[in-house]
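Colleague: build me a structure from this.
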Amino acid sequence: MSTSSSDPRDTDPDAAELSLPEQIPGSGRLDRLVEEARDYARDAAAEATQRAYSADWTHYDRWCRLKGMVSLPPQPEVIGLYLTDCAASHSVATLERRLAGIGFACRQRGHVLNRQDRHITSVLAGIRRRHARPPVQKAALSAEDILAMAATLPSDLRGLRGRALLLLGFAGGLRRSELVGLDMARDDSPDSRGWIEIEAPGALLVLQGKTGWRDVEVGRGSSPRSCPIAALERWLEFAKIDFGPVFRRVSRDGNRLQEGRISDRLVARLIKQSVLEAGLRPELPDAERAALYSGHSLRAGLASHAEVDEAHVQKQLGHASAEMTRRYQRRKDRFRVNLTKAAGL
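Modeller: So this is what the prediction gives:
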């Protein structure tokens, strides 16, 4: 059996882009439509998801080549063997995402993967039964944590941006992609994922998230030190931003604004670094402390510490169900309802 496919699209993801059928002659207008269709196709999944799927496909394709098999067309029997080989060294969640990434890559290359084939479903069901563990959740940040983290940041542009990111991300329960995708106004830039409208009571964020568009209201805080809108206004004032992306890159010395929207990975690095500098969870080694927190810690923090009706938190986070919101709640009032006594014991 050959070690690789002869079709260059099978090994080069960039060559798997949309194109005209061979029998249709190209033209300037059609070529522009093809390029526009490619842009839409690239936006079919979030950037972070596409990076993960690309890594998943690369891992599977390399495994196939090392085993003397081909990755395309997809063969459920081969994928079942791949999952078996990875079961001991990868979590069930990782394997499930790998399978999703393989299916996505197959579709992009014009192939269909039958994920319901017994060679896949039976193996994955057995792996779940034997190896599944409760998900490892990132720790939730409290308001006190956020303020302690913000206090470690410098007073330059980089520090002003960091404070605005932490406070606004926490108060809005925002995803990293939603934070960095904000613009000053609607239609400011082609890669926008939302915009802000600052008013006297607070700010309205119009966001494009995983479940579509939604409005998020972020009110002003009880003091200038803790107010996310005040932090946002200070950043915008000193950075002199009135058009385009809200959160932009800053020079290494922290004094000059640069062109370009920041990446969502910068938010993750900001959280991990400020957690260490603020001394949160000092009983843990630095590596464990950094691993305990991520961008999700902002959303989990709001869900866990906001003392309001659960429906308000669900709306703020943009969850379709209350059950999903509860997954983000780290601090729970356990045993508040005692069914043992309620049953008469």
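
Colleague: use CA for all of it now, contacts and neighbours both
Modeller: Fine.

Colleague: what is the least confident helix or strand in the protein?
Modeller: In the chain, the helix or strand scored least confidently by mean pLDDT, DSSP states H and E is helix 322-327, which has a mean of 68.

Colleague: so for whichever helix or strand comes after that helix, what's the average pLDDT?
Modeller: On the C-terminal side of helix 322-327, the closest following helix or strand by DSSP states H and E is helix 339-342. What helix 339-342 shows for mean pLDDT is 74.

Colleague: check stretch 271-288 too.
Modeller: 94.

Colleague: how about that stretch: buried residues?
Modeller: Residues of stretch 271-288 classed as buried: 271-280, 286 (neighbour count, 16 or more other CA atoms under 10 Å).

Colleague: as TSV, those residues with distance to residue 119 and secondary structure would be great.
Modeller: Listed next are the buried residues of stretch 271-288 as TSV, based on distance: CA to CA, whole Å; DSSP: H, G, I helix; E, B strand; the rest coil:
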residue	distance to residue 119	secondary structure
271	42	helix
272	41	helix
273	44	helix
274	46	helix
275	44	helix
276	46	helix
277	49	helix
278	50	helix
279	49	coil
280	46	coil
286	43	helix
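
Colleague: separation between the closest residue to residue 19 other than its chain neighbours and residue 253?
Modeller: Spatial nearest neighbour of residue 19, chain neighbours left out: residue 34 (6.2 Å); criterion: CA to CA, 6 or more residues apart in numbering. Residue 34 is 42 Å from residue 253, where distance means CA to CA, to the nearest Å.

Colleague: which of these two has more neighbours?
Modeller: Each of residue 34 and residue 253 has its neighbours counted (other CA atoms under 10 Å); residue 34 has more, 17 against 9.

Colleague: mind checking how far the more buried one is from residue 41?
Modeller: Per CA to CA, residue 34 is found 10 Å from residue 41.

Colleague: what segments of this structure are strands?
Modeller: Per DSSP state E, the chain carries strands over the ranges 182-183, 194-198, 202-209, 212-219, 248-250, 257-261.

Colleague: so which of these is the most packed in?
Modeller: Highest mean neighbour count of the strands of the chain: strand 182-183, a mean of 26 (counted as mean count of other CA atoms under 10 Å).

Colleague: got the contact list for it?
Modeller: Outside strand 182-183, the residues that touch it by CA atoms under 8 Å, 6 or more residues apart in numbering are 189, 192-196, 207, 243-247.

Colleague: max pairwise distance over the residues you listed: which two?
Modeller: 207 and 243 (17.0 Å; CA to CA).

Colleague: domains for the protein, by residue range?
Modeller: 8-131, 143-327 (automatic domain parsing).

Colleague: now find how far off-centre the last one is within its chain.
Modeller: What that stands for is domain 143-327. In terms of CA atoms, centre = their mean, to the nearest Å, the centre of domain 143-327 is found 13 Å from the chain centre.

Colleague: same check on the shortest one?
Modeller: The gap between where domain 8-131 is centred and where its chain is centred comes out at 20 Å by CA atoms, centre = their mean.

Colleague: how far away is residue 156 from residue 272?
Modeller: Counting by CA to CA - residue 156 and residue 272 are separated by 19 Å.

Colleague: and for residue 121?
Modeller: On the measure of CA to CA, residue 121 and residue 272 end up 37 Å apart.

Colleague: could you pull out the helices for the stretch 51-200 of the chain?
Modeller: For the stretch 51-200 of the chain, the helices defined by DSSP state H, counting those that start in this stretch occupy 76-86, 92-108, 118-131, 143-151, 157-172, 176-180.

Colleague: can you check which of those helices gets nearest to residue 48?
Modeller: helix 176-180 (8.6 Å).

Colleague: which residues does the closest one contact?
Modeller: By CA under 8 Å, 6+ apart, helix 176-180 touches 165, 169, 193-194, 207-209, 245-247, 261-265, 267-268, 295.

Colleague: got it, and stretch 243-250?
Modeller: Here stretch 243-250 makes contact (CA under 8 Å, 6+ apart) with 157-158, 161, 179-185, 188-189, 192, 236, 256-262.
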